[in-house]
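Chemist: would you be able to build a 3D model of this:
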Amino acid sequence: MSELQKDFLFVLIKSLSTSEKRQFKLYVNRLGINVDAKFLLLFSELDKMKEYNEEIILEKKISSKLQLSNLKAHLYKQILISLRLNPSHQNNRIQLREQLDFATILYQKGLYKQALKILDKAKQSALDLDEKSIASEIIELEKVIESQFITRSIDGRADELILQSTEINKQNSYATQLSNLSLKLYSEMLTHGYIKNDNDRENILNFFDSNIKNIDLKKLNFTEKLWYYKAHVWKNQLLQDYKYTIKYAYQWVELFHQNLEMIKNHPVWYIKGNTYLFKTLFIYGSIKGIEKRFEKFESIVKSDAFIHNENSQSLIFLNYYNTKMNLYFIKGDFFNGTKMIPELELKMEKHRDKIDEHHFLVLYLKIAAMFFGSKNYQNTVKYGQKIINSKGNVQEDLLFHTRILMLMAKFESGFDDDYDDFVKATMKFAKKMKNPGDLHFGIVDFFKKINDRNPKEQAIAFNEFEKELEISSQNKYDKRTLMYIDIHGWVTSKVRNVDVIEIIKEKVKLK
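Modeler: As a prediction, this is how the structure comes out:
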């Protein structure tokens, strides 16, 4: 998408469904605004555009350049108000805040009893849904009203509100502490990646332990438990300790299954928990584990009770296709996996504006790997090139392993006119990485060795490198490098002169 297309108002309008556009126009008409109102004309013009073009707006004299910024801001606000009124966007949090707003208006009019009645009902709902931040705001407003509205029961009410306020503040403190820890660990994973040595490991463990040592799981409610499990998942992901990643991802998902009403309140976190669980089960090669839990996940997200909006649908799309492709990889069923790619690409285009570039590139890498497994090396290189040519901020590991997969495809296909140049470019890239390991350079050196060698010399090189990879596979800090692309399986297949699919099936049996 071009920079011009990223105009916030334009993107918002393009995200609207037909029914949402219809509702916006009905909302505007209810306001009694002239049909020629400038912001409505601007809406119609932007709706017709395929790409954002400010010059057309100015040429049609919808607005002057000086006034356009304010007009766009006003239209943006009106669209958001219209969307807020749309029943499809209503959720518990919005409804609770609406009740809090109503009570505030009644309080300002001096209708204290009516305000307190609404607040008491809303507070109970907020506590039932574990929405403690909103419950805390409700209690604070109750305190304000009670301090001005004198009743005989003020003593009892005061003690009740003080007790509720103290308990909620304590729980909010836990939630803040755990959410800060989770966010920091997630940020660490995105910015620096997985640990690469003992020093990294010690730093993560010290940071984690210092932030969680005073937290007692037994004292936590739903929201704090959710952050507690998230923090443990992200910590163990960083440490590449997948046994414990599965444990806490499972507890994260089961927390929702034990509190089914919370899935509606936190649909995104339900999807994310399942995503981490499926990914880690894939690392363990657990076909039955994935299929069993994936079936339950699908039944829940397809139910009428689940919140279906653009955000949740985009996340379900990612989870569904990543998991389906992972199952094809585990089974070594590459040829059937490639049959799904046309359907996947159509869905990718549909969700492009809702998902960040990184997740799209991961899907491209999986598509490239699927083509490699089915011996379609030309398409492997084609989709790998999409990742390399990406202009976004792409993770180094993703770029490096894309290059390795492409080298494997170039070697296998025999279409290797640019093979030497590509090896040199890959080595140059490895040297520029923030924390390259010896294994990174060893892999590139191997590809440099095997080109232009006779079959006997290549066989020797494959044998030697297979032994090196076997040693690396025992190194806990090299594990991740060998998980991205199964170069170890490919090299082993060459040493034993069998199809790589046979190696994959052997590994699954062993796991």
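Chemist: with adjacent residues omitted, what lies nearest to residue 472?
Modeler: residue 478 (4.3 Å; CB to CB, 6 or more residues apart in numbering). Quick note: C-beta positions are derived from backbone N, CA and C, even for glycine.
Chemist: how many neighbours does the one you found have?
Modeler: Neighbours of residue 478 under the rule other CB atoms under 10 Å: 20.
Chemist: contact partners for it?
Modeler: Applying CB atoms under 8 Å, 6 or more residues apart in numbering to residue 478 gives the contacts 437, 439, 472.
Chemist: now list the buried members of these.
Modeler: Buried subset of those (neighbour count, 16 or more other CB atoms under 10 Å): 437, 439, 472.
Chemist: now the residues you listed in CSV, with pLDDT and distance to residue 322?
Modeler: Below are the buried ones among the contacts of residue 478 laid out as CSV (pLDDT from 0 to 100; distance: CB to CB, whole Å):
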residue, pLDDT, distance to residue 322
437, 83, 26
439, 88, 25
472, 86, 26
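Chemist: coming back round to it: would you convert the contacts of residue 478 into TSV that also reports distance to residue 310?
Modeler: Below are those laid out as TSV (distance: CB to CB, whole Å):
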residue	distance to residue 310
437	40
439	41
472	43
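Chemist: tell me which helix or strand comes right after the helix or strand of the chain with the lowest mean pLDDT.
Modeler: Every helix and strand of the chain was ranked by mean pLDDT, DSSP states H and E. The lowest is helix 479-484, at a mean of 70. From helix 479-484 onward toward the C-terminus, using DSSP states H and E, the following helix or strand is helix 487-496.
Chemist: quick one: the helices in the stretch 201-350 of the chain?
Modeler: Per DSSP state H, counting those that start in this stretch, the stretch 201-350 of the chain carries helices over the ranges 222-238, 242-257, 261-265, 267-283, 287-301, 310-331, 334-339, 341-351.
Chemist: same list (the buried ones among the contacts of residue 478) but as JSON lines, adding distance to residue 321 and secondary structure.
Modeler: Listed next are the buried ones among the contacts of residue 478 as JSON lines, based on distance: CB to CB, whole Å; DSSP: H, G, I helix; E, B strand; the rest coil:
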{"residue": "437", "distance to residue 321": "31", "secondary structure": "coil"}
{"residue": "439", "distance to residue 321": "30", "secondary structure": "helix"}
{"residue": "472", "distance to residue 321": "30", "secondary structure": "helix"}
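Chemist: mind splitting this protein into its structural domains?
Modeler: Listed by automatic domain parsing, the domain ranges of the chain are 4-89, 92-151.
Chemist: quick check: mean pLDDT of the first one?
Modeler: Mean pLDDT, domain 4-89: 82.
Chemist: and if you look at the shortest one?
Modeler: Averaging the model's pLDDT scores along domain 92-151 yields 87.
Chemist: off-centre distance for that domain?
Modeler: For domain 92-151, the distance from its own C-alpha centre to the chain's C-alpha centre is 34 Å (CA atoms, centre = their mean, to the nearest Å).
Chemist: got the contact list for residue 372?
Modeler: So residue 372 contacts 334, 380, 405, 408-409, 412 (CB under 8 Å, 6+ apart).
Chemist: I meant to write residue 222 there.
Modeler: With CB under 8 Å, 6+ apart, residue 222 has these contacts: 130, 255, 259, 262.
Chemist: what of residue 391?
Modeler: Going by CB under 8 Å, 6+ apart, residue 391 touches no other residue.
Chemist: how far is stretch 194-214 from where the chain is centred?
Modeler: Mean-position distance between stretch 194-214 and its chain equals 23 Å (CA atoms, centre = their mean).
Chemist: which residues touch that stretch?
Modeler: The contact list for stretch 194-214, computed with CB under 8 Å, 6+ apart, reads 177-178, 180-181, 184-185, 188, 228, 231, 235, 237-240, 435, 437, 477, 480.
Chemist: which non-adjacent residue is nearest residue 174?
Modeler: Leaving out its chain neighbours, the residue that sits closest to residue 174 by CB to CB, 6+ apart is residue 224, at 4.5 Å.
Chemist: can you tell me how far the one you found sits from residue 214?
Modeler: Counting by CB to CB, to the nearest Å, the gap from residue 224 to residue 214 is 13 Å.
Chemist: low-scoring stretches of the stretch 251-400 of the chain, by residue?
Modeler: Judged against pLDDT under 70, the stretch 251-400 of the chain has no low-scoring part.
Chemist: of the contacts of residue 222, keep whichever come out buried.
Modeler: For the contacts of residue 222, a burial check counting by 16+ other CB under 10 Å picks out 130, 255, 259, 262.
Chemist: Serialize the residues you listed to a markdown table and add fields for distance to residue 468.
Modeler: Shown next, in a markdown table, are the buried ones among the contacts of residue 222 (distance: CB to CB, whole Å):
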| residue | distance to residue 468 |
| --- | --- |
| 130 | 52 |
| 255 | 43 |
| 259 | 49 |
| 262 | 49 |
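Chemist: now, which of these sits nearest residue 276?
Modeler: Using CB to CB, residue 255 is the member of the buried ones among the contacts of residue 222 that lies nearest residue 276, at 13.1 Å.
Chemist: the closest one against residue 229, yeah?
Modeler: Yes - using CB atoms under 8 Å, residue 255 is in contact with residue 229, at 6.6 Å.
Chemist: list residues touching both of the two?
Modeler: Common contacts of residue 255 and residue 229 (CB under 8 Å, 6+ apart): residue 273.
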